[in-house]
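> what's the 3D shape of this:
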Amino acid sequence: MLIDRTCCDYHLPDRQLVERNPANMFRTDRTRVRTLFLSDLHLGFRYSRPEQILDCLQRYQPEQLYVLGDFIDGWCLGRGWHWSDTCSHVVRRIVDLAAGGTRVRLVAGNHDDFLRSPLLQLLIQRAGMCELADEFLHQLADGRHFLVLHGDQFDPWEKATRLTSGALALLYDLLLQANSTWGYLTQCVQHGEASLVCRVKRRLRALGSHLNRFRTRVSGYARYRGFDGVICGHSHQPELLQLEGLVWCNTGDWIENCTAIVEHHCGTLELIEVYPQEAPHAAAEITSILQRVA
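Just a heads-up that it's a prediction; the model follows:
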C-alpha cells in the first residue's frame, strides 16, 4: 500500500544523489530533523559503505539519533576486519552529535550482540554519550508511539544454531563478492552498474516468505504491546507501509541500499535513499545488460 504524501503522514522515498565531495564532511547547510533512524551500518565489514554513512550523517542535524543494531560488524573479527579512517570518522560524527546535544540511542543487533553484555552496557551508559538497550519507545511529534528495535529476536533463522547463522552470513558474503565483480563488468553500459544481490534476492521465493514471517512476528509483537507503529532493521529491506492498521518502517541497510528513516518536526516519517554516483541501480534488468555487454 502506498502512503499518502500529506504533511504529518508518511513520505515514500525520494532518490537523492550524494556527490562524493570532501566538502560534504564539513558542510554547514545541514537539514534539521526531529529524528534520524539508521541501522545495519556493519562498520568493519568490507562491503559496508562508511563514506555514504558519513555523507548522510553530515547531511542531517537530528535532535535524536537512533542506530538500530549491527552498528559494528563483530562477526567480521573472525573472518576479515576492514576498518578504514572513514569508519572512525563515522564514529566521531556520532560522538560530536551527542556532544552537541543530540540524543543518541543505540540498539544492539545480532552482529554486535556483544553490546548486550550487562557490563559493557553499564560502561557505555556511564560514559553518558548514548543510551543502549534492546528496544526503545519513541513518541512522534504528533503523539503516536512507536516500538524501536533491531528485530533479530524475531528472526527464525537467527534462532537456529550459530553454525547455521554463520553459514548464511558466509553465503551472503560470497554473493556480495559476486555482486562486486558483476558491478565492475556492467558499470560501463547504458543502465549503469547493476545489483546482482538485489536481483537474486527478488527471485528467491524462500526469502520472500521469510521476510513476510519476519514482518508478521515483529508487527504482531508491536500490536500486542499497543504501539501505533514499529521501526526496525535487520532484514536489509527498506520499507514504509501500513500493515493492518500498524505503521511498518524498516530502515534498510548500508551495504545494498543506503537508506534511512527521517522524522520531520511535524511527525512526518520519510524513507530516504542515498545514491552516490557509483552505487548499484537495483532496478536495472540484468537480462538487458547482458545483451549490451554481449
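> got the contact list for Ala222?
The contact partners of Ala222, by C-beta atoms under 8 Å, 6 or more residues apart in numbering, come to 147, 229-230, 246. Any C-beta I mention is one placed from the backbone N, CA and C, and that applies to glycine too.
> Show me the residues you listed that map onto strands.
Under the assignment DSSP state E, the contacts of Ala222 contribute 147, 229-230, 246 to strands.
> Looking at neighbours, which among those residues is most surrounded?
Val230 (26 neighbours; other C-beta atoms under 10 Å).
> Against Ala127, how distant is Tyr47?
Tyr47 is 30 Å from Ala127, where distance means C-beta to C-beta, to the nearest Å.
> And those two? Which one has more around it.
Using other C-beta under 10 Å as the criterion, Tyr47 and Ala127 rank with Tyr47 on top: 18 against 9.
> residue ranges for the strands of the stretch 151-294 of the chain, please.
229-232, 239-243, 246-250, 259-263, 269-276 (DSSP state E, counting those that start in this stretch).
> helices or strands next to the second one in the packing?
Think strand 239-243. With contacts defined as 3 or more C-beta pairs under 8 Å, 6 or more residues apart in numbering; DSSP states H and E, the packing partners of strand 239-243 are strand 246-250, strand 269-276.
> mean pLDDT lowest for which of those?
Of all these, strand 269-276 carries the lowest average pLDDT, namely a mean of 83.
> ok, which stretches of the stretch 51-200 of the chain are helices?
85-99, 118-127, 162-186, 196-203 (DSSP state H, counting those that start in this stretch).
> And the first one, what does it pack against?
In terms of contacts (3+ C-beta pairs under 8 Å, 6+ apart), helix 85-99 is packed against helix 50-59, strand 60-68, strand 103-107.
> who touches it?
25, 41, 43-44, 48, 50-51, 53-54, 57-58, 62, 65, 67, 104, 129-130.
> and of the contacts of Ala222, the nearest to Leu240?
Leu240 lies nearest to Gly229 out of these, by C-beta to C-beta, at 9.7 Å.
> right, and the closest one touches Gln139 too?
No. In this structure Gly229 lies outside contact range of Gln139 using C-beta atoms under 8 Å: 11.1 Å.
> Overlap of the contact sets of the two?
Joint contacts of Gly229 and Gln139 (C-beta under 8 Å, 6+ apart) are Phe146.
> if I look at Leu243, how far off is Leu140?
Taken as C-beta to C-beta, the span from Leu243 to Leu140 is 17 Å.
> Sorry, wrong one. I was asking about Ile261.
Distance of Ile261 to Leu140, given as C-beta to C-beta: 11 Å.
> which one of these two has more residues nearby?
Between Ile261 and Leu140, counted using other C-beta under 10 Å, Ile261 has the larger neighbour count: 27 against 20.
> Spatially nearest residue to that one, not counting backbone neighbours?
Phe37 (4.1 Å; C-beta to C-beta, 6 or more residues apart in numbering).
> Let me know the angle separating the host helix or strand of the one you found from strand 103-107.
If you go by DSSP states H and E, Phe37 is part of strand 31-38. Between strand 31-38 and strand 103-107, the angle comes out at 20 degrees (axes from the mean of the first three to the mean of the last three C-alpha atoms, to 10 degrees).
> What helices and strands are in contact with strand 31-38?
helix 50-59, strand 60-68, strand 259-263.
> Turn those into JSON lines, including mean pLDDT and distance to Arg32.
Converted to JSON lines, these look like this (pLDDT from 0 to 100; distance: least, C-beta to C-beta, whole Å):
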{"stretch": "helix 50-59", "mean pLDDT": "95", "distance to Arg32": "11"}
{"stretch": "strand 60-68", "mean pLDDT": "98", "distance to Arg32": "5"}
{"stretch": "strand 259-263", "mean pLDDT": "97", "distance to Arg32": "11"}
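> Would you mind finding the most buried of the ones you listed?
strand 259-263 (a mean of 24; mean count of other C-beta atoms under 10 Å).
> residues in contact with it?
13, 33-38, 56, 60, 140-141, 231, 238, 240, 249, 251-253, 269-274.
> Kindly recompute the last result at 7 Å.
33-38, 56, 60, 140, 231, 238, 249, 251-252, 269-273 (C-beta atoms under 7 Å, 6 or more residues apart in numbering).
> so what strands line up beside it?
Using DSSP bridges, strand 259-263 pairs in its sheet with strand 31-38 (antiparallel), strand 269-276 (antiparallel).
> Stretch 155-172 - what's its average pLDDT?
Rounded mean pLDDT across stretch 155-172 is 61.
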